[in-house]
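>>> what follows is a protein structure lacking sequence information:
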């Protein structure tokens, strides 16, 4: 059984291989997919999958992740990467100065597409924003606390056990294994 | 001569009609176009135009606008509308507390596409961020000062004389009038 991951982010490929292989072979194609301007990662992932399938005509997955801070109306939402690159964690902390509700969450949507259509698998990690700590991970990890320690304070295997992306990938893997025949047929 | 404006924003249609008619007839089609995740409005507008042309097969224009604040690494850039809806002007002012460089700019790219390809026309309005004032306009207009008064303190005709979108639309209109035959042929 083989699945193609469409992404321009090599970290995502490694994470998928780590969870799927050797049972499921993971191929990688780097393709930049346009996105509908929407705050719902399910809709964004579905649109990206349809775009990629139109170009590639093979069963594939794409993903999209949002980082939502409750007190900021869901900001930065699906623009997490752009906001991290421009404002950074110091900008997020400045926006939250004087605000009591520090709840935040990561959500990843995996969209799988084949000739029968699109299926979405999602995973969420709830937590709150706190002072930067820890040296692992990237992006918002130092200021996001799913428990007593920030995501950046966790070792990678520990992060991968609880992460939003791992949850979504595992939900997809379980479905894929159950529907093996369907995917193999489409793959010919 | 006729041009089709592809947008889901009726204000943009009205502004285009105001600048183009009666010399150029303006049609409107509402179509949501996905966008490549990019901080360059020219690239975003080009991608949207290509998507729309693939669906509609008629000469058309789409636009994309970015709002860039120098001290924030260009933030909110092409995500101006989303950031306005979530953080609002109070969020922008909070991010700029204690910062001296308040330079900002609006840039609109108009992408025109027909069977010969894509052409981009752009317009920029430079200014700075200041305290909210004025009751006209929308979005960032109350905190954006292109001169002594905020954009929201200007009457609409005055705003339309200097605006980034008007500059881009007029550049396109001038080109369109000079290339009338080409467009008419494609329109058959």
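Great, that's in hand. None of these values were measured; they are calculated from a predicted model. Residues are numbered from 1 along each chain as shown, chains lettered A, B, ... in the order given.

>>> not counting its neighbours along the chain, what's nearest residue A:100?
Nearest non-adjacent residue to residue A:100, counting by Cβ to Cβ, 6 or more residues apart in numbering or on different chains: residue A:71, 7.9 Å away. (Glycine included, C-beta is placed from N, CA and C.)

>>> list the buried ones in stretch A:55-64?
Within stretch A:55-64, the residues scored as buried using 16 or more other Cβ atoms under 10 Å in any protein chain shown are A:58-64.

>>> surely residue A:175 and residue A:120 touch.
No. Using Cβ atoms under 8 Å, residue A:175 is not in contact with residue A:120, being 10.6 Å away.

>>> the more surrounded of the two?
More crowded of residue A:175 and residue A:120, by other Cβ atoms under 10 Å in any protein chain shown: residue A:120, with 17 against 14.

>>> so who does that one touch?
A:42, A:45-46, A:109-112 (Cβ atoms under 8 Å, 6 or more residues apart in numbering or on different chains).

>>> okay if I get the residues you listed as JSON lines plus pLDDT and neighbour count?
Formatted as JSON lines, the contacts of residue A:120 follow (pLDDT from 0 to 100; neighbours: other Cβ atoms under 10 Å in any protein chain shown):
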{"residue": "A:42", "pLDDT": "94", "neighbour count": "18"}
{"residue": "A:45", "pLDDT": "95", "neighbour count": "29"}
{"residue": "A:46", "pLDDT": "95", "neighbour count": "22"}
{"residue": "A:109", "pLDDT": "97", "neighbour count": "27"}
{"residue": "A:110", "pLDDT": "97", "neighbour count": "29"}
{"residue": "A:111", "pLDDT": "97", "neighbour count": "29"}
{"residue": "A:112", "pLDDT": "96", "neighbour count": "21"}
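
>>> nearest to residue B:53 among those residues?
residue A:46 (22.4 Å; Cβ to Cβ).

>>> the helix or strand hosting residue A:119 pairs with which strands?
Here residue A:119, judged by DSSP states H and E, is contained in strand A:117-129. Neighbouring strands of strand A:117-129 in its sheet, by DSSP bridges, are strand A:103-114 (antiparallel), strand A:144-145 (antiparallel).

>>> which among the ones you listed is found nearest to residue B:96?
strand A:103-114 (22.8 Å).

>>> report the distance from the closest one to the chain centre.
Distance of strand A:103-114 from the chain centroid (Cα atoms, centre = their mean, to the nearest Å) equals 5 Å.

>>> state the phi and psi torsions of residue A:72.
phi -110, psi 30 (degrees, to the nearest 10).

>>> could you report the neighbour count for it?
Neighbour tally, residue A:72, other Cβ under 10 Å: 21.

>>> same check on the one 3 residues further on?
A total of 26 residues lie near residue A:75 under the criterion other Cβ under 10 Å.

>>> now do residue A:103
Residue A:103 has 12 nearby residues by other Cβ under 10 Å.

>>> same question, residue A:147
11.

>>> correct me, but it touches residue A:125?
No. Using Cβ under 8 Å, residue A:147 is not in contact with residue A:125, being 10.3 Å away.

>>> which neighbours do the two share?
With Cβ under 8 Å, 6+ apart, residue A:147 and residue A:125 have no common neighbours.

>>> sorry, back to before: and the contacts of residue A:120, which is closest to residue A:133?
Among those, and counting by Cβ to Cβ, the member closest to residue A:133 is residue A:109, at 28.4 Å.

>>> any idea how far residue B:97 is from the most far-flung residue of chain A relative to its centre?
No residue in chain A sits farther from the centre than residue A:98, which is 29.9 Å out by Cα atoms, centre = their mean. From residue A:98 across to residue B:97, the span is 11 Å (Cβ to Cβ, to the nearest Å).

>>> what of residue A:85?
21 Å.

>>> cool, and residue A:146?
30 Å.

>>> who's more crowded, those two?
residue A:146 (19 against 8).

>>> next up, the contacts around the more buried one.
Here residue A:146 is in contact with A:125-127, A:162 (criterion: Cβ under 8 Å, 6+ apart).

>>> now residue A:6
A:28-31, A:33, A:48-49, A:52, A:56, A:60-62.

>>> ok, which stretches of chain A are strands?
With strands called from DSSP state E, chain A shows them at A:2-6, A:25-29, A:60-69, A:76-77, A:103-114, A:117-129, A:144-145.

>>> out of those strands, deepest packed?
strand A:76-77 (a mean of 26; mean count of other Cβ atoms under 10 Å in any protein chain shown).

>>> just checking: what are the partner strands of that strand?
Counting by DSSP bridges, strand A:76-77 is paired with strand A:60-69 (antiparallel).

>>> what's the angle between the partner strand and strand A:2-6?
Inter-element angle recorded for strand A:60-69 and strand A:2-6: 50 degrees (by axes from the mean of the first three to the mean of the last three Cα atoms, to 10 degrees).

>>> how far away is residue A:110 from chain B?
For residue A:110, the distance to chain B equals 18 Å [Cβ to the nearest Cβ, to the nearest Å].

>>> again with residue A:148
For residue A:148, the distance to chain B - Cβ to the nearest Cβ - is 29 Å.

>>> count of neighbours near that residue?
Neighbours of residue A:148 (other Cβ under 10 Å): 7.

>>> pLDDT score for it?
Turning to residue A:148, the model gives it a pLDDT of 95.

>>> kindly report the same for residue A:180.
In this model, residue A:180 carries a pLDDT of 69.

>>> and for residue A:31?
pLDDT, read off for residue A:31, is 91.

>>> with residue A:64 instead?
93.

>>> ok, residue A:85 next?
92.
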